[in-house]
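> Curious how this folds, go ahead:
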Amino acid sequence: MNKTLLLLTAVTLSTVGLAYQATAEEQKEAVQHYAGQNFETPEAAIKALENKSNEISEILKAETLTGNNLESIHEISYTLEDAVDALRAQNGAPATAIDPLDEAIQALHFASENHEEAKVREWFAKIEPAAGNLHAAPAAQEQAEKKDIYKIIIKDHKFSPERLTIPAGQKIKLSVDNQDATPEEFESHDLNREKIIAGNTQATIFVGPLKPGEYHFFGEFNMDSANGYIIAE
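From the prediction side, this is the model:
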């Protein structure tokens, strides 16, 4: 999440040992801010992907990126995520075409927030060719390597299950179903991922391959209740 826009983080006040909790008005503003963009047709989503990718391409022409450049890319990446989510929800392209694009956008989003210029450039280089495959024939879907899908539900601002075991050394697709009416942001510094999930919608998050261990994830908008762990073994 863009830290300049963070409205719901529980911030520890070390001098008094207290935690700041967002007010009801701040929560309302956050819900409105992260409502996301709606794309009524796959064509509209693909057009947005093209336009926003071109905007990032122009920014990346700079020899060295400033903090403002990276923040701009981070803001644009929200629209890229909304567009690819719309494509997935509307079956606007084969999953085999959407998955690599979605994964690259998620990685770009996280890298730009953390001002990791080299990774921003690396992942954006994968977005353009992946976007070019969106019109691939549906039959190609059967030829792709299958990835295991693991499911997590968000309900009452909590994750279920709170501990999820997956095989180490294997890339997986994490399907997160937000059954609450309000948006949540799945975030994990351990997994290098963050993803806004609108209320009553689902999102796919790409994880791994992971070394054996325990990886923390949390809900940015409800940090007091939404916490969980992925166990790779």
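> Excluding sequence neighbours, find me the nearest residue to the most centrally placed residue in the chain.
Central residue of the chain (CA atoms, centre = their mean): residue 195, 2.7 Å from the mean position. Distance criterion CB to CB, 6 or more residues apart in numbering; nearest residue to residue 195, sequence neighbours excluded, is residue 186 at 4.8 Å. Every residue, glycine included, has its C-beta placed from N, CA and C.
> any idea how the chain splits into domains?
42-141, 147-232 (automatic domain parsing).
> Just put those domains in TSV and tack on mean pLDDT.
Below are these laid out as TSV (pLDDT from 0 to 100):
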stretch	mean pLDDT
domain 42-141	90
domain 147-232	94
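> Quick check: next helix or strand after the longest helix belonging to the chain?
When the chain is parsed with DSSP state H, its longest helix is helix 67-89. Sequence-wise, the next helix or strand downstream of helix 67-89 (DSSP states H and E) is helix 95-113.
> Bridge partners for the nearest residue to residue 226 once chain neighbours are set aside, pull those for me.
Distances taken as CB to CB, 6+ apart place residue 219 nearest to residue 226, at 2.8 Å, with adjacent residues excluded. Taking DSSP bridges, one obtains residue 186 as the residues bridged to residue 219.
> Return the distance of residue 219 relative to residue 83.
Residue 219 is 23 Å from residue 83, where distance means CB to CB, to the nearest Å.
> Check residue 177 too.
20 Å.
> out of the two, which sits in the busier spot?
Taking neighbours as other CB atoms under 10 Å, residue 177 and residue 83 compare with residue 83 leading, 28 against 15.
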